[in-house]
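> sequence below, structure please.
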Amino acid sequence: MNITVIARHMDLTDPLKAYATEKVDRLSKYLPEGVEALVTLGVEKFRHKAEVLIKVNGILIQAHEETEEMYSAIDKVIDKITRQVRKYKERLKEHKGAGIDKAAVGAVEVETEIAESIPEIIRRKQFDMKPMTSEEAVMQMELLHKDFFVFNNIASGSVSVIYRRKDGNIGLIEPATT
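Numbers count the residues shown, from 1 in each chain. Predicted structure coming up:
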């Protein structure tokens, strides 16, 4: 597993980096070879933040946690990401016969401590997408009092998503062009 540790608004000490790397490296037994993990540690006022982002087979698994102390933030975020990795592994096992690469499933079987059910789609919605600019989409999202809005972006010619971030700002998701 390739692990990168980044610090924001703080000095990254060797013991802290080693602690984070050791904790994340424990997840490698659940994941296939060549997985990348990015650990971001930061401090804002009195909050210590830890975020882990794992890229595995084109899927992003992410968790983030805030506490008063950095080591406990790392522990809590590792607990969250471990549950998500186990859920990912279970879904791979359930869909193993549906054309998923067996190498991605890995040699180690996951023992699920808590039975987690997969949510099912209970409602489908279709609507016409009028081509518009991102500014028009933000205005439309505000008018509808929604947290996100899907639209056909005039600038890129593709389907894009405008969403409200936790900090109150607006985010834009666009498909990557290859």
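
> how about the strands in the protein?
Counting by DSSP state E, residue ranges of the strands within the chain are 2-8, 36-44, 47-56, 59-67, 131-132, 148-153, 159-164, 170-173.

> now do the buried residues in stretch 122-136.
Within stretch 122-136, the residues that count as buried by 16 or more other C-beta atoms under 10 Å are Met132, Ser134. Glycine gets a C-beta too; all of them are placed from N, C-alpha and C.

> from one end of stretch 128-146 to the other, what's the distance?
End-to-end distance for stretch 128-146: 17 Å, by C-alpha to C-alpha, to the nearest Å.

> residues in contact with it?
Residues outside stretch 128-146 that contact it (C-beta atoms under 8 Å, 6 or more residues apart in numbering): 147-155, 159-160, 162, 164, 170, 172.

> chain center to it, what's the gap?
25 Å (C-alpha atoms, centre = their mean, to the nearest Å).

> biggest helix in the protein, by residue count?
helix 70-94 (DSSP state H).

> mean confidence score for it?
In this model, helix 70-94 carries a mean pLDDT of 88.

> check which helices and strands it sits against.
helix 14-25, strand 36-44, strand 47-56, strand 59-67, helix 102-105 (3 or more C-beta pairs under 8 Å, 6 or more residues apart in numbering; DSSP states H and E).

> buried ones in that helix?
70, 73-74, 76-78, 80-82, 84-89, 92.

> what angle sits between it and strand 47-56?
30 degrees (axes from the mean of the first three to the mean of the last three C-alpha atoms, to 10 degrees).

> now Ile154: how far from Glu65?
39 Å (C-beta to C-beta, to the nearest Å).
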